[in-house]
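Asks: whatever this is, show me its structure:
(chains A and B)
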Amino acid sequence: TQLLEQSPQFLSIQEGENLTVYCNSSSVFSSLQWYRQEPGEGPVLLVTVVTGGEVKKLKRLTFQFGDARKDSSLHITAAQPGDTGLYLCAGGYRGHGNTGKLIFGQGTTLQVKP
Amino acid sequence: NAGVTQTPKFQVLKTGQSMTLQCAQDMNHNSMYWYRQDPGMGLRLIYYSASEGTTDKGEVPNGYNVSRLNKREFSLRLESAAPSQTSVYFCASSEVPGTIYEQYFGPGTRLTVT
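Replies: Below is the predicted model of the structure:
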């Protein structure tokens, strides 16, 4: 069974602080996505990483895919209240063939206080 | 371009009642998925349809049925609702085949079974 473990589960920080969320597995993924979900809404895709060691930046958000494609991290610089939400990582697994099924982590709830 | 739409947005059922949750996507995606999201449990796959004309069970299919009506539409039916089915339900779609399994989500249906 493929699992994605996210840590931490909850994070409450002050505006302006930096933070890192981790997503780890013992399985190799062909791609890994990060989503953000705001209260009352569906998850929204932030980024996809596909190459081991890949780093992508989205304004103050930096995403990294581990060299072995088993783990990923999301780093937020100078967090703002608008970053508040649930962050989900999800992995695409070749063993699922052409189903497109994803394996989701449990999520990290981030609260950024003004 | 509406993306993924879901109806209804909210629903209250009594135990034993039935209902169908509707989902449609306008991105010409091949694959569609139904998830439920419960506090502390993350997103759990109920059923999916890898392509028009096929459906398969996910992680938690008991008590649900699905219909892939055409390439655009994928419905989820609760034949006899139970309080354990109180949850938020999300539909998603994905362009498959490929190795980048990005999924795009609808806004969700909040279901309460009393």
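Asks: give me the below-cutoff pLDDT ranges for chain B.
Replies: Residues of chain B meeting the criterion pLDDT under 70: B:1, B:96-99.
Asks: for beta bridges, what are the partners of the residue nearest the centre of it?
Replies: Geometric centre of chain B, nearest residue: residue B:34, 2.6 Å, by Cα atoms, centre = their mean. Beta-bridge partners for residue B:34, by DSSP bridges, are residue B:47, residue B:91.
Asks: report the contact partners of it.
Replies: Applying Cβ atoms under 8 Å, 6 or more residues apart in numbering or on different chains to residue B:34 gives the contacts B:21, B:23, B:45-48, B:58, B:64, B:66, B:74, B:76, B:89-91. Heads up, the C-betas are built off the backbone N, CA and C, glycines and all.
Asks: a markdown table for those, including neighbour count?
Replies: As requested, these are arranged in a markdown table below (neighbours: other Cβ atoms under 10 Å in any protein chain shown):
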| residue | neighbour count |
| --- | --- |
| B:21 | 23 |
| B:23 | 25 |
| B:45 | 20 |
| B:46 | 24 |
| B:47 | 22 |
| B:48 | 25 |
| B:58 | 18 |
| B:64 | 19 |
| B:66 | 24 |
| B:74 | 28 |
| B:76 | 22 |
| B:89 | 22 |
| B:90 | 26 |
| B:91 | 29 |
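Asks: chain A: which of those is nearest?
Replies: residue B:90 (5.4 Å; Cβ to the nearest Cβ).
Asks: I'd say that closest one and residue B:104 touch.
Replies: No. With contacts counted by Cβ atoms under 8 Å, residue B:90 stays clear of residue B:104, the gap being 10.6 Å.
Asks: so residue A:41 versus residue B:9, what's the distance?
Replies: 11 Å (Cβ to Cβ, to the nearest Å).
Asks: between the two, which contacts overlap?
Replies: What both residue A:41 and residue B:9 touch, as defined by Cβ under 8 Å, 6+ apart, is the set B:107, B:108.
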